[in-house]
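Asker: need a structure here:
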Amino acid sequence: MTDLTLQVTKRDILGKKVRFLRRQDITPAHLFGHGLESLSLQCDTDELQRIIAQAGTTRLINLKIDADKQPRSVFIREIQREIVKGQLLHVDFYQVRKTEKIKADIPIVLVGEAPAMSLKGRILTHTLNSLSIECLPDKLPPQIEVDLSPLEELEQAIHVRDITLSPDITVFTDPDQVVAKVSEARVIEEVVAEVEVEAEEEVEATAKEEAAEEPEQQPQP
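Answerer: Numbers count the residues shown, from 1 in each chain. Predicted structure coming up:
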């Protein structure tokens, strides 16, 4: 995996005036970290978009700041976007020390095919979307791939304890937690139908209560 590098410069424009930067395709940013004085930064929006697409919030980035002799090792901590159009508004970078372990929630990606899904009437449920881990920054995986091929039979499941990771990585998620499981689709359908019936009965009961509370109208003379 190739290293990701982003060039940024220090920013003097602060507050509401940063909107003028965005009009020039420049995105305001902040850099902070443990024992580090916060820095106001700015960078080219298109280049930042490219880095975000590749790094997300789990991949280490080499951040080059102006005249700094050495790039800083950072992660993207927060991305702010405009709600309607999704325009990039602001990014926070978090600087880390490569010799200190960090904790992060890494997304789980299911790969391959489950042989148990070859028959009709079955459903694959993905119940755990991320894994909480701790390791050195350069050992942090951008994602954790879970192979579905061991799921050969109905009701078979993959648990956290079944995921193989580097010995340098400590997992904090409950090892008994289910990551993926193959079940019968009709069981899921029965549960949904049961919930729908209960909802209908609740609506009917509410309607009857409201009708009973309404005062009787006296006939007009």
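Asker: how about the residue nearest the centre of the chain, what does it touch?
Answerer: The centre of the chain sits closest to residue 107, judged by CA atoms, centre = their mean, with a distance of 6.5 Å. The contact partners of residue 107, taken as CB atoms under 8 Å, 6 or more residues apart in numbering, are 56, 58, 129, 130, 143, 144. Just so you know, the C-beta spots here come from the backbone N, C-alpha and C atoms, and that holds for glycine as well.
Asker: What of residue 12?
Answerer: By CB under 8 Å, 6+ apart, residue 12 lies in contact with residue 40.
Asker: re the thing from before, tell me which residues form a beta bridge with the residue nearest to the centre of the chain?
Answerer: For residue 107, the beta-bridge partners under DSSP bridges are residue 130.
Asker: before we move on, the earlier item: and the contacts of residue 107, which is closest to residue 34?
Answerer: Proximity of these to residue 34 (CB to CB) peaks at residue 58, which lies at 18.4 Å.
Asker: Report how many residues lie close to the residue nearest to the closest one when sequence neighbours are not counted.
Answerer: Spatial nearest neighbour of residue 58, chain neighbours left out: residue 142 (5.0 Å); criterion: CB to CB, 6 or more residues apart in numbering. Using other CB atoms under 10 Å, residue 142 has 15 other residues around it.
Asker: Next: residue 42.
Answerer: By the measure other CB under 10 Å, the count of residues near residue 42 is 20.
Asker: One more: the one 10 residues further on?
Answerer: A count of nearby residues for residue 52, using other CB under 10 Å, gives 17.
Asker: who's in contact with it?
Answerer: So residue 52 contacts 76, 79, 88, 91 (CB under 8 Å, 6+ apart).
Asker: Between all of those residues, which two are separated the most?
Answerer: Distances among these were taken as CB to CB; the most separated pair is 76 and 88, at 11.6 Å.
Asker: Could you say which helix or strand holds residue 64?
Answerer: In this assignment (DSSP states H and E), residue 64 forms part of strand 61-65.
Asker: Return the set of buried residues in whatever helix or strand comes next after that strand.
Answerer: In the C-terminal direction, the helix or strand that comes right after strand 61-65 (DSSP H and E) is strand 72-81. Of the residues in strand 72-81, 72, 73, 74, 75, 76 count as buried by neighbour count, 16 or more other CB atoms under 10 Å.
Asker: Run through the residues that contact the nearest residue to the first one once chain neighbours are set aside.
Answerer: Of all residues not flanking residue 72 in the chain, residue 63 sits nearest, at 4.6 Å (CB to CB, 6+ apart). Taking CB under 8 Å, 6+ apart as the criterion, residue 63 is in contact with 5, 6, 8, 31, 71, 72, 73, 74, 93, 95.
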